[in-house]
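Participant: no FASTA, just this:
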């Protein structure tokens, strides 16, 4: 979906465009945060953010505003001049989140985004995710923390051993039960 | 407990012999045996043989001058330098900045046992290096002077005393390196410069050594008397090897006392050293306006940042950046004399010296191979260029362009230097610029292709893709082979068609190859990169 794996079969469209036919156009609308934020350790935090902004052609004024806004929110502004190699896992994750929001993507894809975040940053990220969706954007993320999924997601899909076994709106999937109960029930089957 | 810790320490040092970092798995018993055999061959065969030869050339004349102690003083000095410098970086990382200090300190292991295991490790490594000098020196001495019980016992004592001196020096130098390292700001640049100074110093000493040894051998009595008068301790030290019981006793006692003192000092300061993180000054971020870059510019800046951030990368893949212009300056200074010398050998071949100069410069270009490990160095961060809106071909082009930038400018400088030296037609002079520059372009795209075809993304130590990969070796061999081949081909058949035609054909061939590989990178190479 983000270009780091090759297609076996099927199609994926982002805002109506096929990721196979127009990969660059699709990628411009996407931001991706992997489960393990392996960033360029030789760069400083600010250099990495400017690198991402350059790639996505974010104008100077907007990038400066967004870097200030999100780095302040995650309280990493003071560390932006430090090399990424000196960052903790949580700080790298915060930097990856700031870089993802930097170009105002329409779709954000995240793999276990809350791993390594402190409670305050995790809470902040949840708010940002909600705000992004309320503003018309979309977020596609994976998690093993079912409470988070139940609380945050509008739609949910459960995958077991690589197979999609249930998908739909949160109400359709869980009904009157908790998402955890539904999941455990499926696991037992 | 000590044995377990020591086993762990040595396991770390010789990890490469048991563990294949490239394949991320343990080596087979056969491979381990081969690696150990290779190590023994290097230590005994190469180092031991080299110092054995040196001892053989020195011993006889110094014994004849009745200054056997001077022989032992010289050989011991070499052993101490080799032992201390050979193990200093291991001491630095193993004694002062060991990553498992926290783990060991949290376990019920007495501090003095941790210290003892670290010291024993440093001692064994230093002794191993020193032994490659001392043991051949002793054997050669016994061969010339004859074996007596006193000489054997004192010889063994000399070996032990040297090993203790090496240990003490390693501890002190390791401490200095640790202290400097904690305070350095631009570690990579400083490491590169220091390494270059060491390499330069090494070659300077190497070329001067034969003169120095000859001088000492001829004036042995004069130097002997002078040293004896100024530094009696050194004389006494050399006497150990000759079987002087009193000198042996004095230095043995001093060694034991110094070892105990070192252990006590380290035991008392270990906790402070081991738990110290160093006073790293945090760089305060000040928001400032930055210039927007194009995708190409951003990627190029990133590649340059990667290159300058790693001393290993700069030293192993960029040494030619300095060597090529140095060669140009050398041509300006000594070029005329060099050409005159060459005309004696190559007089029958028109412009052969020019072809040889071009060959030399092209061969040096092979020492700039930043593009070979560039794909592999993306490592676990490869998801970044793959998931961003960047065409894969742009990523590859940038890697090739960076190598071309790093090698093209020095090459242009050296070619211009060469123009001032040679006397030939304007056409040949133009080709002397165009052909080597095209060659650097070919090397850049070819190295990118090799690096892409043989990627190594799951490395844990960057030295694996930078120095130990098959791609680097292959690129270097092909680079050297092709550049040397162009000279040999000229000497074999090429001179018959004349230098203009020969250089013209090579220029055309190189241009076609460079364009072909560039096209491959843009098409198949781009697909390959996307699939990594």
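Facilitator: Arrived safely, thanks for sending. Remember, it's a predicted structure, so these values are computed and weren't measured experimentally. Residues are numbered from 1 along each chain as shown, chains lettered A, B, ... in the order given.

Participant: what is the rounded mean pLDDT of stretch B:335-353?
Facilitator: Mean pLDDT, stretch B:335-353: 78.

Participant: Tell me how far it lies from the chain's centre.
Facilitator: 33 Å (Cα atoms, centre = their mean, to the nearest Å).

Participant: Give me the buried positions along it.
Facilitator: B:335, B:338, B:339, B:342, B:346, B:349, B:350, B:351, B:352, B:353 (16 or more other Cβ atoms under 10 Å in any protein chain shown). For every residue, glycine as well, the C-beta is placed using N, CA and C.

Participant: ok, now stretch B:476-494?
Facilitator: B:476, B:478, B:479, B:480, B:482, B:483, B:486, B:487, B:490, B:494.

Participant: circling back to that earlier point, CSV please, covering the buried residues of stretch B:335-353 and showing secondary structure and distance to residue B:1.
Facilitator: Listed next are those as CSV, based on DSSP: H, G, I helix; E, B strand; the rest coil; distance: Cβ to Cβ, whole Å:
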residue, secondary structure, distance to residue B:1
B:335, helix, 65
B:338, helix, 64
B:339, helix, 68
B:342, helix, 66
B:346, helix, 69
B:349, coil, 72
B:350, coil, 76
B:351, coil, 72
B:352, helix, 69
B:353, helix, 68
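
Participant: helix or strand right after the helix or strand harbouring residue B:431?
Facilitator: Following DSSP states H and E, one finds residue B:431 within helix B:426-453. Where DSSP H and E defines the elements, the next helix or strand beyond helix B:426-453 is helix B:463-466.

Participant: returning to what we had before: and the buried residues of stretch B:335-353, which is closest to chain A?
Facilitator: residue B:335 (39.7 Å; Cβ to the nearest Cβ).

Participant: so who does the nearest residue to the closest one once chain neighbours are set aside touch?
Facilitator: Nearest non-adjacent residue to residue B:335, counting by Cβ to Cβ, 6 or more residues apart in numbering or on different chains: residue B:421, 3.3 Å away. Applying Cβ atoms under 8 Å, 6 or more residues apart in numbering or on different chains, one finds that residue B:421 lies in contact with B:331, B:332, B:335, B:336, B:339.

Participant: Recalculate using a threshold of 10 Å.
Facilitator: B:328, B:331-339, B:353-354, B:357 (Cβ atoms under 10 Å, 6 or more residues apart in numbering or on different chains).

Participant: Out of these, which two are the most distant from each other?
Facilitator: Using Cβ to Cβ, the pair of the contacts of residue B:421 lying farthest apart is B:333 and B:354, separated by 18.1 Å.

Participant: domain assignment for the chain?
Facilitator: I went with chain A, as the question did not name one. A:41-142, A:146-189 (automatic domain parsing).

Participant: that's the other chain; I wanted chain B
Facilitator: B:54-275, B:295-531.

Participant: ok, stretch B:371-379 near chain A or not?
Facilitator: Yes. Using Cβ under 10 Å from any Cβ of the partner chain, stretch B:371-379 reaches chain A at B:377, B:378, B:379.

Participant: where along chain A do the strands fall?
Facilitator: A:13-14, A:17-18, A:30-33, A:107-111, A:138-142, A:155-160, A:163-169 (DSSP state E).

Participant: Looking at these, which is nearest to chain B?
Facilitator: Of all the strands of chain A, strand A:30-33 comes closest under Cβ to the nearest Cβ, at 4.5 Å.

Participant: coming back round to it: out of the buried residues of stretch B:476-494, which is nearest to residue B:38?
Facilitator: Checking the buried residues of stretch B:476-494 one by one against residue B:38 (Cβ to Cβ), the nearest turns out to be residue B:476, at 20.0 Å.

Participant: give the contact list for the closest one.
Facilitator: B:366, B:367, B:369, B:372, B:447, B:450.

Participant: Let me have these in a markdown table, extended by pLDDT and neighbour count.
Facilitator: Shown next, in a markdown table, are the contacts of residue B:476 (pLDDT from 0 to 100; neighbours: other Cβ atoms under 10 Å in any protein chain shown):
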| residue | pLDDT | neighbour count |
| --- | --- | --- |
| B:366 | 85 | 23 |
| B:367 | 85 | 19 |
| B:369 | 91 | 29 |
| B:372 | 93 | 31 |
| B:447 | 95 | 32 |
| B:450 | 94 | 24 |
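
Participant: Greatest separation within these: which pair is it?
Facilitator: Across the contacts of residue B:476, no pair lies farther apart than B:367 and B:450, at 15.2 Å, counting by Cβ to Cβ.

Participant: which residues does the spatially most central residue of chain A bridge with?
Facilitator: Centroid check for chain A by Cα atoms, centre = their mean gives residue A:110 as the closest residue, at 2.9 Å. Following DSSP bridges, residue A:110 is listed with bridge partners residue A:33, residue A:141.

Participant: Could you verify my assumption that it touches residue A:1?
Facilitator: No. In this structure, residue A:110 is not within contact of residue A:1 by Cβ atoms under 10 Å, at 11.7 Å.

Participant: which residues sit against the longest helix along chain A?
Facilitator: Taking DSSP state H as the criterion, chain A has its longest helix at helix A:119-134. Helix A:119-134 has contacts (Cβ under 10 Å, 6+ apart) with A:31, A:33, A:70, A:73-76, A:90-91, A:93-94, A:97, A:100-101, A:104-108, A:110, A:113-118, A:137-139, A:141, A:145, A:148, A:151-154.

Participant: Pull out the buried residues from the residues you listed.
Facilitator: A:31, A:33, A:70, A:73-74, A:76, A:90-91, A:93-94, A:97, A:100-101, A:105-108, A:110, A:113-117, A:137-139, A:141, A:148, A:152-153.

Participant: My read is that residue B:50 contacts residue B:132, right?
Facilitator: Yes. With contact defined as Cβ under 10 Å, residue B:50 counts as touching residue B:132 (8.3 Å).

Participant: All set, thanks.
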